[in-house]
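In: here's a sequence, model it:
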Amino acid sequence: MMSKKILVAIDDSENALRAVEFVSNSFSTDNKITLFNVMQDTATLCKMNSPELTPYFTSQQSAF
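Out: This is a model prediction of the structure:
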């Protein structure tokens, strides 16, 4: 079976969380799942210091 690339657009809603749960339960681990979220206020985003932020994003915060 060929692996798939799956893009899931998310926001901070309960429906987005359900969509992520659905995708994670419906596809095998050999598929590539990308979660995509757009935040309009990048200044606020750059002030965030949360463990959920990936190391790559944290290293690139100054570029924003």
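In: CA only for contacts and neighbour counts going forward, please
Out: Will do.
In: hey, which helix is longest across this structure?
Out: Longest helix in the chain by number of residues (criterion: DSSP state H): helix 14-26.
In: strands of this protein, residue ranges please.
Out: Listed in chain order, the strands of the chain (DSSP state E) span 5-9, 32-36.
In: may I see these arranged in CSV, with mean pLDDT, distance to residue 22 and mean neighbour count as well?
Out: Formatted as CSV, these follow (pLDDT from 0 to 100; distance: least, C-alpha to C-alpha, whole Å; neighbours: other C-alpha atoms under 10 Å):
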stretch, mean pLDDT, distance to residue 22, mean neighbour count
strand 5-9, 93, 10, 12
strand 32-36, 92, 12, 12
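In: export the ones you listed as a markdown table, with columns for distance to residue 15.
Out: Below are these laid out as a markdown table (distance: least, C-alpha to C-alpha, whole Å):
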| stretch | distance to residue 15 |
| --- | --- |
| strand 5-9 | 11 |
| strand 32-36 | 14 |
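In: mean confidence score for the longest helix of the chain?
Out: The pLDDT scores in helix 14-26 average 91.
In: which of the strands of the chain sits closest to residue 19?
Out: strand 5-9 (7.7 Å; C-alpha to C-alpha).
In: who does that closest one touch, helix- and strand-wise?
Out: helix 14-26, strand 32-36 (3 or more C-alpha pairs under 8 Å, 6 or more residues apart in numbering; DSSP states H and E).
In: which of these sits closest to residue 49?
Out: strand 32-36 (19.2 Å).
In: what does the pLDDT read for residue 45?
Out: 67.
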